[in-house]
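S.K.: Test case, fold it:
(one chain, ligands or ions: 2)
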Amino acid sequence: MKLVFIGDVFGKPGRIALLKEIDNLKQNYQPDFIVMNAENLADGKGLTEKTARPLFEAGIDAMTGGNHLWDRAESLDYIRKNPRIIKPMNYPSTTPGSFFHTLVRDGFRLTIINLCGQVYMPACDSPFSALENRYQDLQSLSDAIVLDFHAESTAEKRAMGWYADGKISAVLGTHTHIQTADEEILPGGTAYITDVGMTGSHDSVIGVKKDLIVEKFRTSIPVRYEASDRGLQINAVCLEIDQGYGRAISISRIKYSTEI
Ligand SMILES: [Fe+2]
Ligand SMILES: [Fe+2]
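M.R.: Ligands and ions are numbered 1, 2, ... in the order given. Predicted structure coming up:
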């Protein structure tokens, strides 16, 4: 079973780049499922029906979230009604979004989950306890589980990798928008990468026009963020999972430039 997981798709440039490349990704990697992190889909802040729908129609099977998922007040109802939009499992039950979503192909059940880290992040419950509390239920309805761990701290992500090793098929880090070169299969059979990276402008500061962010740091005066459209990249991973045991067979990084 093959999954392509796409790192934080940032704003319109990221959406257009992915829509342009999605057929190439399907052709080159032959995935059974494509999942993406969508917390930055609408101008970097949250998602809307208008920004998410074309990607679902193009073949995205599910979207994971993060701290920005609910930034657009007008789309809370859309998130609430769409079971394929997955929120961090360690957020309140009243927060819009699914706690998990299970994708099925030829009887194989792949459950996608999302957790947020606690270090240098908005307040949320322990991601470790959340996984521990729900693990048995998730396991009983899945042949494999893949986690998007949306967190800032490398140490917290690495610790999650070791905690989840042998329990789930993959721990894929998101949130920092910079792809790390540390992909590996841990001894228990769990694929791990600290950060999948960002799909969008890399001639930027994590997706935003770089001059604005330099000015913000130089002066400490808040600025209005605008998505940059220069230096576009697709950042993702391709994961292969053993259908019998749910162990990861391989994880490979995808990172290349594209133009729109
Ligand atoms: Fe993000
Ligand atoms: Fe984030």
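S.K.: I'd say residue 190 and residue 160 touch.
M.R.: No - taking contacts as C-beta atoms under 8 Å, residue 190 lies outside contact range of residue 160: 9.9 Å. (Glycine included, C-beta is placed from N, CA and C.)
S.K.: so how far is ligand 2 from residue 117?
M.R.: Per C-beta to the ion, to the nearest Å, residue 117 is found 10 Å from ligand 2.
S.K.: ok, that residue touching residue 127?
M.R.: Yes - Residue 117 is within contact range of residue 127, at 6.2 Å (criterion: C-beta under 8 Å).
S.K.: Are there residues contacting both of those two? Which ones?
M.R.: Contact with both residue 117 and residue 127 is made by residues 149, 151, 156, 160, according to C-beta atoms under 8 Å, 6 or more residues apart in numbering.
S.K.: Quick check: closest non-adjacent residue to the second one.
M.R.: In this case it means residue 151. Nearest non-adjacent residue to residue 151, counting by C-beta to C-beta, 6 or more residues apart in numbering: residue 117, 2.5 Å away.
S.K.: Can you lay out the shared contacts of residue 117 and residue 127 as JSON lines showing neighbour count?
M.R.: Listed next are the shared contacts of residue 117 and residue 127 as JSON lines, based on neighbours: other C-beta atoms under 10 Å:
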{"residue": "149", "neighbour count": "29"}
{"residue": "151", "neighbour count": "28"}
{"residue": "156", "neighbour count": "19"}
{"residue": "160", "neighbour count": "22"}
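S.K.: Pick the one among those residues closest to residue 196.
M.R.: Here the nearest of the shared contacts of residue 117 and residue 127 to residue 196, counting by C-beta to C-beta, is residue 149; it sits at 10.1 Å.
S.K.: that's a helix at residue 16, yeah?
M.R.: Yes - under DSSP: H, G, I helix; E, B strand; the rest coil, residue 16 falls within a helix.
S.K.: Just give me the neighbour total for it.
M.R.: If you count neighbours by other C-beta atoms under 10 Å, residue 16 ends up with 17.
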